[in-house]
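> Below is the sequence, then the predicted model.
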Amino acid sequence: MSNKSLVSITDYSKEKILQILDKAAEFEKNPNQPILQGKVVATLFFEPSTRTRLSFETAVNRLGGRVIGFSDASTTSGTKGETLKDTIIMVSNYADLIVMRNPIEGAARYAAEVAKVPIVNAGDGANQHPTQTMLDLYSIKKTQGKLEDLKICMVGDLKYGRTIHSLIMAMSHFNPTFSFIAPEELKLPDEYKMFCKENNIAFTEHDELTEEAISDADILYMTRVQKERFTDLYEYEKVKDVYTLRNKLLENTKPNMRILHPLPRVNEIDYDVDNNEKAYYFEQARNGVFARQAIICDLLGL
Ligand code: CP
């Protein structure tokens, strides 16, 4: 495997995370620089995306690089039976870096083993989404002025939400206290609870989204119920509307509290909340360009 790939957020040390965040802040001040001139980045999206793909492509375009790729795998020779291995080897011949989203957990790890160029995991099934985590950390630091000693409340689909899984691991460097709010069917998998215990991270679990449950949060991280991960749509129907965040619920939250959401939102945040000064999810998505510029330049050694 190329040691310069970003497959899991655990590929980054605390020092590397802080270094990338500093770099992202520089890119936010000056996002248009000819650093990637002569470089080609491939974006291979085997699953739908709006933010991740477009912010990666914006990041490359603003740095003077070129983008190739696909957003719909049905237009590729995969439909003729070409394997992921052959696809990745082929694209390694064309591009300096490959950004890939794939529905199969572990697909990014496998791609990194066969690729001749760095791979960036843009989401592999319900497993990991490390570049989302970097923009989440950037957003947390920007809104709270620090990453250490924060109370983070995670709400919704904690079972299939890959952004949740990556963020828990990244925050382990910064002494967080977590509050996990999910219905029984979508509770955080045991492996992540074990991870918290092994890293002495305090956490509580709740099944109701109440005023009391979020009253001391610094960050309220909402998530969508991941319909695409359910094998039985009847099970999805049972939990799809389990929580909706409304302004009323936010009245007694801390002044510094900010609402994050990796997006897309379905109906877990009421549209009225968008005008609340604590809503930060659209700015969070904007931060993705700068975080991804920093990640790309680091992986290419630029
Ligand atoms: N946050 C995120 O991964 O969004 P997209 O699915 O639109 O890329």
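Great, that's in hand. Numbers count the residues shown, from 1 in each chain.
> Phi, psi for Ile98 please.
phi -120, psi 130 (degrees, to the nearest 10).
> Tell me which residues touch it, please.
Contacts for Ile98 (Cβ atoms under 8 Å, 6 or more residues apart in numbering) come out as 41-42, 44, 88, 91-92, 111, 115, 117-120. Every C-beta, even on glycine, is put in place using the N, C-alpha and C of the backbone.
> Just give the nearest non-adjacent residue to it, would you?
Ala42 (4.8 Å; Cβ to Cβ, 6 or more residues apart in numbering).
> thinking again about what came up before, make CSV out of the contacts of Ile98 and add secondary structure and pLDDT.
As requested, those are arranged in CSV below (DSSP: H, G, I helix; E, B strand; the rest coil; pLDDT from 0 to 100):
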residue, secondary structure, pLDDT
Val41, strand, 98
Ala42, strand, 98
Leu44, strand, 98
Ile88, helix, 98
Val91, helix, 98
Ser92, helix, 97
Ala111, helix, 98
Ala115, coil, 97
Val117, coil, 98
Pro118, coil, 98
Ile119, strand, 98
Val120, strand, 98
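> which stretch of helix or strand covers the nearest residue in space to Glu205 that is not next to it in sequence?
Nearest non-adjacent residue to Glu205, counting by Cβ to Cβ, 6+ apart: Phe180, 4.9 Å away. Using DSSP states H and E, Phe180 sits within strand 177-181.
> Can you tell me the strand partners of that strand and which way each runs?
With DSSP bridges as the test, strand 177-181 is paired with strand 151-155 (parallel), strand 202-206 (parallel).
> Let me know which of those strands is tucked in deepest.
Ranked by average neighbour count under the criterion mean count of other Cβ atoms under 10 Å, these are headed by strand 151-155 at a mean of 23.
> Would you mind pulling the contact partners of that one?
164, 167-168, 171, 176-182, 188, 209, 213-214, 216-223, 243, 245, 268.
> and it, what's its mean pLDDT?
For strand 151-155, mean pLDDT is 98.
> can you give me how far that strand is from the chain middle?
Computed by Cα atoms, centre = their mean, to the nearest Å, the chain-centroid distance of strand 151-155 equals 15 Å.
> need the helix or strand of this structure with the lowest average pLDDT.
The least trusted helix or strand in the chain, going by mean pLDDT, DSSP states H and E, turns out to be helix 233-239, with a mean of 91.
> Which elements pack onto that one?
Packing partners of helix 233-239 (3 or more Cβ pairs under 8 Å, 6 or more residues apart in numbering; DSSP states H and E): none among the helices and strands.
> check contacts around the most centrally placed residue in the chain.
Relative to the mean C-alpha position of the chain, the nearest C-alpha, by Cα atoms, centre = their mean, is the one of Gln132, at 2.4 Å. Listed by Cβ under 8 Å, 6+ apart, the contact set of Gln132 reads 52, 123, 162-163, 166, 262, 288.
> Report the secondary structure state of Met194.
Recorded secondary structure, Met194: helix (DSSP: H, G, I helix; E, B strand; the rest coil).
> Near it, how many other residues are there?
Using other Cβ atoms under 10 Å, Met194 is surrounded by 10 other residues.
> Restricting the selection to alpha carbons, write the longest helix seen in the chain to CSV.
When secondary structure is assigned using DSSP state H, the longest helix within the chain turns out to be helix 281-299. Extracted C-alpha coordinates of helix 281-299, given in CSV (Å, rounded to 0.1, in the frame of the first residue of the first chain):
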residue,chain,number,x,y,z
TYR,A,281,-23.9,23.0,8.5
PHE,A,282,-23.7,25.0,5.3
GLU,A,283,-20.5,26.7,6.4
GLN,A,284,-19.2,23.3,7.4
ALA,A,285,-19.7,22.0,3.8
ARG,A,286,-17.9,25.1,2.5
ASN,A,287,-15.0,24.3,4.8
GLY,A,288,-14.7,21.1,2.9
VAL,A,289,-12.9,22.8,0.0
PHE,A,290,-10.1,24.1,2.2
ALA,A,291,-9.7,20.9,4.2
ARG,A,292,-9.5,18.9,0.9
GLN,A,293,-7.0,21.3,-0.6
ALA,A,294,-4.8,20.7,2.4
ILE,A,295,-5.2,16.9,2.2
ILE,A,296,-4.4,16.8,-1.5
CYS,A,297,-1.3,18.9,-1.2
ASP,A,298,-0.1,16.8,1.7
LEU,A,299,-0.6,13.5,-0.1
